[in-house]
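Peer 1: Take this sequence and fold it.
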Amino acid sequence: MRLGIQFQHDKRPALDIFVRAFRDDPVMNWISADPDFLPTFFDITLPVFLPHDLTYIEEQGRGAAAWLGPGQKLHWPVTPGNLWRMLKVCGLRGFYRFARSGLLATAKFHPGEPHYYLFLIGTLPECKGQGIGSALMAQVLRQCDEENLPAYLENSKPDNLAFYRGHGFEVVDRIRFTRSAPPVWLMWREPRPAL
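Peer 2: Numbers count the residues shown, from 1 in each chain. Reported below is the predicted structural model:
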């Protein structure tokens with residue numbers, strides 16, 4: 001299935017999709033159950049990805065993905081204002097969990113070799129099982145294969161392991177940010193040669 005893709009320079013369409021897609025994410029819910037947490041988190045983080053031209057939505061707005069390419073670095077918007085916004089939607093315990101699990105914690109696990117990094121991919125709940133996630137994934141995986149580059153992601157939902165494996169990703173590690181945290185699977189995909 002090949003769907004139309006629209007690359008994004010405005011965070012709003014992708015933000016709305018990700019908020020709905022991640023409502024049942026174990027790590028996100030472990031950090032904070034506040035209904036404003038996901039909108040705040042994505043409002044702060046999505047602008048980091050937009051300038052790299054690898055954030056896109058499916059043309060009918062049913063799914064979205066945000067990647068970084070090889071050599072593109074994460075420059076998290078850690079400012080007093082953003083930290084205050086996160087504290088307000090997480091509370092003290094959630095803010096501690098956010099600090100342990102989030103931006104800085106996962107960066108230490110990233111592979112050193114050049115790769116494409118899938119930060120987010122999500123489909124609207126009512127559109128699951130329609131091939132939208134696969135079409136979103138294929139957009140950059142074709143590029144990985146053409147450029148002979150691997151891809152990397154962190155998966156926090158056990159139900160998604162089969163989906164990622166179906167696209168060539170394999171689990172390279174399983175981590176927990178704290179003893180009470182849900183597991184996160186670190187996944188790697190080697191490029192596939194053209195047939």
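
Peer 1: Would you map the strands across this structure?
Peer 2: Read by DSSP state E, the chain holds these strands, from start to end of the chain: 5-7, 55-58, 63-68, 116-123, 151-155, 170-175, 184-189.

Peer 1: Bridge partners for the residue nearest the centre of the chain, pull those for me.
Peer 2: With distances taken as C-alpha atoms, centre = their mean, the chain has L120 as the residue nearest its mean C-alpha position (1.9 Å). For L120, the beta-bridge partners are A66 (DSSP bridges).

Peer 1: Let me see the contact set for it.
Peer 2: Shown here is L120, whose contacts under the criterion C-beta atoms under 8 Å, 6 or more residues apart in numbering are F18, F22, A64, A65, A66. Where C-beta positions appear, they are placed from N, C-alpha and C, glycine not excepted.

Peer 1: Identify the farthest-apart pair in the residues you listed.
Peer 2: F22 and A65 (12.8 Å; C-beta to C-beta).

Peer 1: List the buried residues for stretch 184-195?
Peer 2: For stretch 184-195, the neighbour count (16 or more other C-beta atoms under 10 Å) marks V184, W185, L186, M187, W188, R189, P191 as buried.

Peer 1: Output those residues as JSON lines; include the columns distance to Q130 and pLDDT.
Peer 2: JSON lines is the format used below for the buried residues of stretch 184-195 (distance: C-beta to C-beta, whole Å; pLDDT from 0 to 100):
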{"residue": "V184", "distance to Q130": "26", "pLDDT": "94"}
{"residue": "W185", "distance to Q130": "24", "pLDDT": "96"}
{"residue": "L186", "distance to Q130": "28", "pLDDT": "96"}
{"residue": "M187", "distance to Q130": "23", "pLDDT": "97"}
{"residue": "W188", "distance to Q130": "27", "pLDDT": "98"}
{"residue": "R189", "distance to Q130": "23", "pLDDT": "98"}
{"residue": "P191", "distance to Q130": "27", "pLDDT": "96"}
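
Peer 1: Let's have the residues you listed in a markdown table, adding distance to L141.
Peer 2: Formatted as a markdown table, those follow (distance: C-beta to C-beta, whole Å):
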| residue | distance to L141 |
| --- | --- |
| V184 | 21 |
| W185 | 18 |
| L186 | 18 |
| M187 | 13 |
| W188 | 13 |
| R189 | 7 |
| P191 | 9 |
